[in-house]
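1. Sequence and predicted structure below; questions after.
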Amino acid sequence: MRLRGWVFSKVAAGFLSSPSSWKQKHVCALGVLAVSASMAEEAKKLAAYAAVDNHVQNNQVVGVGSGSTIVYAVDRLGRWARQLILQHGLTLSDLDRHPELDVAIDGADEVDADLTLIKGGGGCLTQEKIVAGCAKHFVVIADFRKDSKALGQQWKKGVPIEVIPMAYVPISRTIARRFGGEANLRMAVSKAGPVVTDNSNFILDWKFEHAQNWKEVNTAIKMIPGVVETGLFVGMAERAYFGMEDGSVQVRDAPVN
């Protein structure tokens, strides 16, 4: 099963060269789908709008992720990517041509008090982490349901880990033995067999039992042969915007080390 489509390409960076009269800045991304206009969706929109307004400027290279919240960031940048390209002369690019991004904006499955993230519920964790790592500033947008004091309070599906298919069994056993819990192969919903990422790999979902030193655990898991990437984003996000139930937007900055 192929995870996530895309609007026009799988690139995650684009360059804007727009007329000064156009106030919205840019779009590019792994694709997303709009969902219902519930309270949570309105909260996502509020967070996305605030992040774009505060962090995106003219003539910047901007990376955008693939989560459901990103549709509202795209909307703030302009109604639809195709219309933006045709009407405003935007140029979609890639990391070969623009290896350094001015800002990356993405959602998260869960955000803790230190802005450590769990990402990868949709399966795009590796590409999303590459984009975030190439950005001078990485900003997270989320609704109130994604905000936790500690990872695991809200997101119960575990930490996604992208792995080489031939190694998923020994990796899952190693993770369970060293860190507790269980790491299960993610299975497809609409077809038989495991989920296959855009990189042709499998995903393990590690359901951990207790809080960890996430920086150490992330490094240790990545050192296991066959692990491609984890859905732990540690020390990467500098600010998070949370759309709240009451219509406000709460802002949290990463702790100063």
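-> Thanks, I have the structure now. Numbering: from 1, shown residues only.
2. Correct me if wrong: residue 53 contacts residue 47.
-> No: between residue 53 and residue 47 there is no contact under C-beta atoms under 8 Å: 11.0 Å. (Glycine included, C-beta is placed from N, CA and C.)
3. The two: which has the busier surroundings?
-> The neighbour count for residue 53 versus residue 47, taken as other C-beta atoms under 10 Å, is higher for residue 47 (29 against 13).
4. So for the strand or helix carrying residue 220, what gets flagged as buried?
-> Assessed by DSSP states H and E, residue 220 sits inside helix 214-222. When burial is assessed from 16 or more other C-beta atoms under 10 Å, helix 214-222 yields the following buried residues: 214, 217-218, 220-221.
5. Packing partners of it?
-> For helix 214-222, the elements it packs on are helix 168-179, strand 227-230, strand 232-233, judged by 3 or more C-beta pairs under 8 Å, 6 or more residues apart in numbering; DSSP states H and E.
6. ok, the closest residue to residue 211 other than its chain neighbours - how many residues close by?
-> Once flanking residues are discounted, residue 211 sits nearest to residue 150: 5.2 Å by C-beta to C-beta, 6 or more residues apart in numbering. If you count neighbours by other C-beta under 10 Å, residue 150 ends up with 15.
7. What strands line up against the strand ranked longest in the chain, and which way round?
-> As assigned by DSSP state E, the longest strand anywhere in the chain is strand 135-143. Sheet pairing for strand 135-143, assigned by DSSP bridges, gives strand 101-106 (parallel), strand 239-243 (parallel).
8. The following helix or strand past it to helix 214-222, inter-axis angle?
-> Sequence order places strand 159-163 as the next helix or strand after strand 135-143, per DSSP H and E. Angle between the axes of strand 159-163 and helix 214-222 is 30 degrees (criterion: axes from the mean of the first three to the mean of the last three C-alpha atoms, to 10 degrees).
9. Adjacent strands (with direction) for strand 159-163?
-> strand 202-207 (antiparallel), strand 227-230 (antiparallel).
10. could I get those as a markdown table with mean pLDDT?
-> Formatted as a markdown table, the strands paired with strand 159-163 follow (pLDDT from 0 to 100):
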| stretch | mean pLDDT |
| --- | --- |
| strand 202-207 | 98 |
| strand 227-230 | 98 |
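11. just so I know, which of those strands lies nearest residue 137?
-> Taking C-beta to C-beta, strand 227-230 is the member of the strands paired with strand 159-163 nearest to residue 137, at 21.0 Å.
12. Go ahead and name everything in contact with that closest one.
-> Outside strand 227-230, the residues within contact range by C-beta atoms under 8 Å, 6 or more residues apart in numbering are 125-126, 129, 159-164, 167, 171, 199, 201, 218, 221-222.
13. do stretch 108-117 as well
-> Under C-beta under 8 Å, 6+ apart, the answer for stretch 108-117 is 67, 118-121, 140, 142, 146-155, 157, 214, 231-240, 242, 252-255.
14. Can you select the buried ones among the contacts of strand 227-230 for me in PyMOL?
-> This is how PyMOL selects the buried members of the contacts of strand 227-230, with burial counted by 16+ other C-beta under 10 Å:
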select buried, resi 125+126+129+159+160+161+162+163+167+171+201+218+221
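15. isn't there a helix covering residue 75?
-> Yes: membership of residue 75 in a helix is supported by DSSP: H, G, I helix; E, B strand; the rest coil.
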